[in-house]
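Peer 1: for reference, the sequence and a predicted model appear below.
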Amino acid sequence: MDNNALLSLRGIYKSFPGVKALQNVDFTLRKGEIHALMGENGAGKSTLIKVLTGVYTKDEGEISLEGSDVIIRSPEDAQHAGISTVYQEITLCPNLSVAENMYIGRSDDVIQNWKAMNAGADKMLKSLDIPAKATQQLGSCSIAVQQMVAIARAVDMDCKVLILDEPTSSLDDNEVQKLFGLMRELKARGVGIIFVTHFLDQVYEVCDRITVLRDGKLVGEYEIKDLPRVQLVSKMLGKELDDLSDIKSETAGSSVDTSGEPVIEAEGLSSTEGIRPFDFNIHKGEVNGFTGLLGSGRSECVRAIFGADRVVSGTVKKNGKTIKINKPIDAMKNGIGYLPEDRKVDGIIGDLSVKENIILALQVMKGFFKPFTKAEANAFADEYIKALSIKTASADTPIKSLSGGNQQKCILARWLLTHPDYLILDEPTRGIDVGTKVDIQKLVLKLASEGMSITFISSETDEMLRTCSRLIVMRDRRVVGELKGEDLTQNKIMSTIAGGEA
């Protein structure tokens, strides 16, 4: 038992239908420490925080605060216990003043007195060195200051435990440093801070300890000085160094000629999503990929290339000629296809049929005032249903009734129908069965052998090694390395993500 424990969770279990989200998880937060909660997508971080804040009720386990057991069944219970959360998305009211946001929902007598409320808010803002005035409209403040106001609100409500859930994802470097200054001030006051982030550099700059979750289970709790970055990466991924043989397919990119002009080439490309300027190229018949931990910027890089996010700097060339890509239709007309990371949000249109989903991209390129005939649409759909072995009752079946793997094949069919020169596949095998995964990997290599250029992104590094001949390594929204040939190994990927540590 940690005698300095401010918050202690023991044996926490939480299940949903068909999913064990948390299994026997322990977590300890000390008074006056900043504690990183780390893990890849699906590790259980969000579920643990929602249990702690009363959004979910735990199935089993105990929660204690300052040595006394507490029962948390609702966000109000958490608030009364002194547990506050500041989320990535600001949950305050931008049309109200800073002071109104700090006191909204409070029963204090001070909210009946505007002068006292503004004076109290200004005193708190000054004590935390937050560059804002009580009377100014919150919406006029930067995102960083809005985050700080949300933290000030939590502190003013006597929070003992402050949970910061991805607070730096929308901030620039200077704003991050201001936020870190505020976090250190709260730490000095004895507040325990749980810091959830995907930025490794930030963890090692500001945190005292790290707890790692994977697949809903506790991997371990570590002092920051005892856990080198490369070991953190391996624990998050569940791959120990030297634990895997190099499984790269000998056929992946083995016959690619990279001496000529690239099919697609980007120089100094950056976007509104915080991607630092990066260079990129891919040759005819090549399969390359972006790799890195969740949140490293893998998806944002390809979204910038495709025009799905607004580009703020850089140029893109196709076959040596500069092309202008301001939006996805520009990319499509230049022979670029993009299968997005989240098929349910950005991919399928659930209420439309399999056929309508398959012909969608080609119809957009042709124009909606020039619809395909019924015979043409049926022929397109039937061709790709057969080619990709899509399991569906008919081409007119609503796509939402198909399995995840078959939905993914439909989106793939959508882009293949446009006959792209360059195809971006972002997590094409996530959440689908093993058989379909293998089918898609084989298809990728077949398309490359026929001359298509493909960028392949997957959270599973084994899969990347099987399909790619070159990997661009991302960390904290910037490119930190490029691997090919003998360097294309599990160990080298992890050490590059970690910052070159051996």
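Peer 2: Good, I have the coordinates. Numbers count the residues shown, from 1 in each chain.

Peer 1: what ranges does the stretch 1-150 of the chain have for its helices?
Peer 2: Assigned by DSSP state H, counting those that start in this stretch, the stretch 1-150 of the chain shows helices spanning 45-52, 75-81, 98-103, 114-127, 143-156.

Peer 1: pull the residues that contact the second one.
Peer 2: Under the contact criterion C-beta atoms under 8 Å, 6 or more residues apart in numbering, helix 75-81 has outside partners L52, T53, G54, V55, L65, V70, I71, I72, S84, T85, M157, K160. Heads up, the C-betas are built off the backbone N, CA and C, glycines and all.

Peer 1: the last one and R189: what is the separation?
Peer 2: Just to be clear, that refers to K160. 10 Å (C-beta to C-beta, to the nearest Å).

Peer 1: these two - which one has more neighbours?
Peer 2: Between K160 and R189, counted using other C-beta atoms under 10 Å, the more crowded position is K160 (17 against 12).

Peer 1: give the contact list for that one.
Peer 2: By C-beta under 8 Å, 6+ apart, the neighbours of K160 are L6, L7, L65, E66, A81, G82, I83, V191, G192.

Peer 1: now stretch 9-21: average pLDDT?
Peer 2: For stretch 9-21, the mean per-residue pLDDT is 89.

Peer 1: okay, the helices of the stretch 1-150 of the chain in TSV with mean pLDDT, distance to L445 and mean neighbour count next?
Peer 2: Shown next, in TSV, are the helices of the stretch 1-150 of the chain (pLDDT from 0 to 100; distance: least, C-beta to C-beta, whole Å; neighbours: other C-beta atoms under 10 Å):
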stretch	mean pLDDT	distance to L445	mean neighbour count
helix 45-52	92	35	22
helix 75-81	90	49	17
helix 98-103	88	54	25
helix 114-127	87	58	17
helix 143-156	82	43	22
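
Peer 1: what bits of the stretch 301-450 of the chain have low per-residue confidence?
Peer 2: Scanning the stretch 301-450 of the chain for pLDDT under 70 picks out 431-436.

Peer 1: helices along that one, start to end?
Peer 2: Residue ranges of the helices in the stretch 301-450 of the chain, as given by DSSP H, counting those that start in this stretch, are 328-333, 354-366, 374-387, 404-416, 434-449.

Peer 1: single out the most deeply packed of the ones you listed.
Peer 2: helix 404-416 (a mean of 23; mean count of other C-beta atoms under 10 Å).

Peer 1: and the closest residue to I151 other than its chain neighbours, how far from A36?
Peer 2: Closest residue in space to I151, ignoring its immediate chain neighbours: V86 at 5.5 Å, by C-beta to C-beta, 6 or more residues apart in numbering. V86 is 15 Å from A36, where distance means C-beta to C-beta.

Peer 1: same check, this time on E383
Peer 2: Distance, E383 to A36, by C-beta to C-beta: 50 Å.

Peer 1: got the buried residues for stretch 269-284?
Peer 2: L269, S270, S271, E273, G274, I275, F278, F280, N281, I282, H283, K284 (16 or more other C-beta atoms under 10 Å).

Peer 1: tell me which element the second one is part of?
Peer 2: Taking DSSP states H and E as the criterion, the element that holds S270 is strand 264-271.

Peer 1: just checking: what are the partner strands of that strand?
Peer 2: Here strand 264-271 has these sheet partners by DSSP bridges: strand 278-282 (antiparallel), strand 311-318 (antiparallel).

Peer 1: turn these into CSV, columns for distance to T429.
Peer 2: Formatted as CSV, those follow (distance: least, C-beta to C-beta, whole Å):
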stretch, distance to T429
strand 278-282, 20
strand 311-318, 27
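
Peer 1: which two from the contacts of K160 end up farthest apart in space?
Peer 2: Greatest spatial distance in these: A81 and V191, 13.8 Å, computed using C-beta to C-beta.

Peer 1: what sits against the residue positioned nearest the centre of the chain?
Peer 2: In the chain, the centroid-proximal residue (C-alpha atoms, centre = their mean) is G295; its distance is 4.0 Å. Counting by C-beta under 8 Å, 6+ apart, G295 touches E166, S169, T197, H198, F199.

Peer 1: how about 6 Å then?
Peer 2: H198 (C-beta atoms under 6 Å, 6 or more residues apart in numbering).

Peer 1: tell me the SS of it?
Peer 2: Following DSSP: H, G, I helix; E, B strand; the rest coil, the label given to G295 is coil.

Peer 1: quick one: it from V480, how far?
Peer 2: For G295 relative to V480 (C-beta to C-beta), the value is 14 Å.

Peer 1: before we move on, what about G82?
Peer 2: From G82 to V480 the distance is 39 Å (C-beta to C-beta).

Peer 1: the two: which has the busier surroundings?
Peer 2: G82 (20 against 16).

Peer 1: which residue packs closest to the more buried one, ignoring adjacent ones?
Peer 2: Counting by C-beta to C-beta, 6+ apart, the residue nearest G82 is K160, at 3.7 Å.

Peer 1: kindly report the same for G314.
Peer 2: L269 (3.4 Å).

Peer 1: these two touch, right, T455 and I424?
Peer 2: Yes - the pair T455 / I424 is scored as a contact, 4.8 Å apart, by C-beta atoms under 6 Å.
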